[in-house]
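In: got a structure for you, letters missing:
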Ligand SMILES: NC(=O)c1ccc[n+]([C@@H]2O[C@H](COP(=O)([O-])OP(=O)(O)OC[C@H]3O[C@@H](n4cnc5c(N)ncnc54)[C@H](O)[C@@H]3O)[C@@H](O)[C@H]2O)c1
Ligand SMILES: [Fe+2]
C-alpha cells in the first residue's frame, strides 16, 4: 500500500477502512441508455426531477425520449430550486408523495440530484424534516429501509452527488446549510454523459471545477483513518472515515485532471476538456465519498447559509445565493496554510498534481505553495476575491464562526484540531484572498 507513513497505526485508532463503490456509467451518449436502465431497475412510472433552466435544454428531451422508448411512464417535475432550501425539499416531497411513482430520475446539477434524494427519502419514510438531518442541527436518525430506485443524470460536473449518499440544503430558519448523510441516499446508478455539459454556463464551470478540486484535495489532506477512534460497532464507522489508500488514488488523479483542464474548461472548452472534468468530478466524488471533506466545506455552509444580497452572474437571479463551489474555494487558501504543517508533504504533492512549479521548494512550504497556486487559478478563472466580494465584512465573523463550528463531522475530519478561535481566524483571513 502506498504512503504507509501517513497511515501508521495509533493506539485507539481504526485499523479498518471500508470501500463504497458507486454504480456509474460514463461516456458521450450514455444518456440514451436511461430508459433501459430504468426498466432494469424495475421502474414503470418515474418522477423526473429537474430545474427550470435545465428543463429547457436538450438533455431533458433526450432523457424523456429514452424513457418513452423503453415504455417507462415519465412525469417531469421542473420546479427544483437552485441551491435548495427546506421549502423546496418539502415541495419536492409533496410531488413525490402524490404521484404514485415507483422510481426517480434526476437530471441536473447537485441542486436537482440532492432535492430528488431528499424527496425520495421523505416520501418513502415520512418524518419531520429534522429527523434525518445531521446532528447537532437535526436528529440524525438512521434511514429505516431502502428507498425507491433513483438514477442520477448530472448536467454539471462539480458535486458528484450521483456518487454519494449525501443531500445538502439550506435551512431557512437557521440560515445554515445542512445535510443528510446515509448510504441509502446513494443513487442506484449515475449516468455521466459529457454531452450534457455543453450548455453549462462559464461561471458554473468555474465554480464546479473548484468544487471538484476541493473534494479531492480535502479528502487527500483529511485526517488519516488510523487517527480516528475505532468504532465500537462496524455500523458506526462514519462515511467520512478519513483519508485512506483507496480514496488517495482517486483524489490525486482528480487534482491532476483539474490542473490540466480547468483553465481551458472555463475559458473555451473542447469536448475533451468537458469530458476530462466530468471524469475528474466522478473520481473526486469517489474520493470524498470514501474519505470525507474537511474545513473549506464546513466553512462553506456558513458562507452560503448567511448570504444577504449576492447575485452571481450565471445563476438564476430569483434569490440571493453563493454558489457552492465559490463558497468553498474562498476559504481554501487560508485553510491550506493552516493545515499545511499537519501533513506538509501531502500539500506539496497536491500542488505538484495541480501542475504548479514545486522545484526548489521544501515539503514544509507545502501549504503556502498550494495556497499561492490556488489563488492564481482563482484569479485566472474569475472567482470573486474572498468573503468581502460576497458581501461579508468583519462584523459577520462571529455569525460565520458559530455556524461553521456546528459542522462537527467536517471539523473532526481536519488533519489538525480546530478551535473556535482558529476558525474565526480562518474566516478573517478569507475576507480577501489576495
Ligand atoms: N450531494 C453532494 O454530495 C453534494 C456535494 C457538493 C455540493 N452539493 C450541492 O450541490 C449544489 C450545487 O450543485 P451544482 O454546482 O451542480 O449546480 P446547480 O445544480 O446549483 O446548478 C447551477 C446552475 O447551473 C444550471 N445548469 C446546470 N446544468 C446545466 C446545463 N447543462 N446547461 C445549462 N445550465 C445548467 C442550473 O440551472 C443552475 O442555474 C449545492 O446545493 C451544493 O451544496 C452536493
Ligand atoms: Fe462540494
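Out: Looks like it came in fine. This structure is a prediction, so every number in the text was calculated from the model and none was measured. Ligands and ions are numbered 1, 2, ... in the order given.

In: which regions of this protein sit below the pLDDT cut-off?
Out: For the chain, the stretches with pLDDT under 70 are 1-2.

In: 80 - rerun?
Out: Low-confidence segments of the chain, defined by pLDDT under 80: 1-2, 175-176, 317-318.

In: contacts for the helix or strand where residue 75 lies?
Out: Assigned by DSSP states H and E, residue 75 belongs to strand 73-77. Strand 73-77 has contacts (C-beta atoms under 8 Å, 6 or more residues apart in numbering) with 44-50, 55, 60, 63-64, 67-68, 92, 95, 99, 101, 105. Any C-beta I mention is one placed from the backbone N, CA and C, and that applies to glycine too.

In: spatially, which residue comes closest to the spatially most central residue of the chain, not counting chain neighbours?
Out: Most central in the chain under C-alpha atoms, centre = their mean is residue 159, positioned 3.8 Å from the mean C-alpha point. Distance criterion C-beta to C-beta, 6 or more residues apart in numbering; nearest residue to residue 159, sequence neighbours excluded, is residue 110 at 3.2 Å.

In: tell me the contacts of the one you found?
Out: Counting by C-beta under 8 Å, 6+ apart, residue 110 makes contact with 154, 156, 158, 159, 161, 168, 324.

In: residue 403: what secondary structure?
Out: helix (DSSP: H, G, I helix; E, B strand; the rest coil).

In: ignoring the adjacent residues along the chain, who's closest to it?
Out: Excluding the flanking residues, the one nearest residue 403 by C-beta to C-beta, 6+ apart is residue 302, at 3.7 Å.

In: near ligand 1, which residues of the protein show up?
Out: Neighbours of ligand 1 within the chain, by C-beta under 6 Å from any ligand atom: 51, 53-54, 57, 82-83, 108-112, 114, 155-156, 158-159, 161, 164, 166-168, 196-197, 199-201, 204, 208, 211, 315-316, 324-325.

In: mind running it again at 5 Å?
Out: Counting by C-beta under 5 Å from any ligand atom, the residues of the chain close to ligand 1 are 51, 53-54, 82-83, 109-111, 114, 155-156, 158-159, 161, 164, 166, 168, 199-200, 204, 324.

In: just to revisit the earlier point, just the ones of the contacts of residue 110 in helices?
Out: Mapping the contacts of residue 110 onto helices (DSSP state H) picks out residue 324.

In: for the contacts of residue 110, give me TSV that also has distance to residue 396.
Out: Listed next are the contacts of residue 110 as TSV, based on distance: C-beta to C-beta, whole Å:
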residue	distance to residue 396
154	32
156	28
158	25
159	26
161	28
168	21
324	19
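
In: neighbours around the nearest residue to residue 173 once chain neighbours are set aside, how many?
Out: Leaving aside its chain neighbours, residue 173 sits nearest to residue 86 (7.7 Å; criterion: C-beta to C-beta, 6+ apart). Counted with other C-beta atoms under 10 Å, residues neighbouring residue 86 total 18.

In: now do the contacts for residue 86.
Out: 129, 169, 170, 171, 172, 173 are the contacts of residue 86 under C-beta under 8 Å, 6+ apart.

In: and if we set it to 6 Å?
Out: 129, 171, 172 (C-beta atoms under 6 Å, 6 or more residues apart in numbering).

In: kindly report the same for residue 118.
Out: Here residue 118 is in contact with 89, 167 (C-beta under 6 Å, 6+ apart).

In: could I get the phi/psi values of it?
Out: Phi and psi for residue 118, reported as degrees, to the nearest 10, are phi -70, psi -40.

In: residue 273: helix or strand, and which one exactly?
Out: helix 271-291.

In: let me fix that: residue 387
Out: Using DSSP H and E, residue 387 sits in helix 386-389.

In: which strands and helices sit next to that helix?
Out: If contacts are counted by 3 or more C-beta pairs under 6 Å, 6 or more residues apart in numbering; DSSP states H and E, helix 386-389 sits against no helix or strand.

In: who's in contact with it?
Out: 330, 430, 431, 432, 433.

In: look at residue 241 and say how many residues are nearby.
Out: Residues lying near residue 241 (other C-beta under 10 Å) number 24.

In: how close does residue 30 get to residue 192?
Out: 7 Å (C-beta to C-beta, to the nearest Å).

In: neighbour count winner among these two?
Out: residue 192 (26 against 19).

In: over to the closest residue to the more buried one other than its chain neighbours: give its phi and psi.
Out: Spatially, and ignoring its direct neighbours in sequence, residue 192 is nearest to residue 26 (4.4 Å; C-beta to C-beta, 6+ apart). Residue 26 has phi and psi values of phi -140, psi 130 when expressed as degrees, to the nearest 10.

In: before we move on, what about residue 190?
Out: The phi/psi pair for residue 190 (degrees, to the nearest 10) reads phi -110, psi 130.

In: and if you look at residue 105?
Out: Note on residue 105: backbone dihedrals following degrees, to the nearest 10 are phi -130, psi 130.

In: test my guess that it contacts residue 46.
Out: Yes - using C-beta atoms under 6 Å, residue 105 is in contact with residue 46, at 5.2 Å.

In: more crowded one of these two?
Out: Using other C-beta under 10 Å as the criterion, residue 105 and residue 46 rank with residue 105 on top: 32 against 26.

In: give me every residue that touches the more buried one.
Out: With contacts defined as C-beta under 6 Å, 6+ apart, the neighbours of residue 105 are 46, 48, 151.

In: what's opposite it in the beta bridge?
Out: residue 48, residue 151 (DSSP bridges).

In: by contact count, what packs against the longest helix seen in the chain?
Out: Across the chain, the longest stretch assigned as helix under DSSP H is helix 245-267. The helices and strands touching helix 245-267, judged by 3+ C-beta pairs under 6 Å, 6+ apart, are helix 202-220, helix 271-291, helix 344-353.

In: list of residues touching stretch 36-56?
Out: 60, 70, 72-78, 80, 82, 96, 99, 101-108, 112, 116, 149, 155, 188-189.

In: try it again at 7 Å.
Out: Stretch 36-56 is contacted from outside by 60, 63, 67, 70, 72-78, 80, 82, 92, 95-96, 99-108, 111-112, 115-116, 149, 151, 155, 188-189, 191, 316, using C-beta atoms under 7 Å, 6 or more residues apart in numbering.
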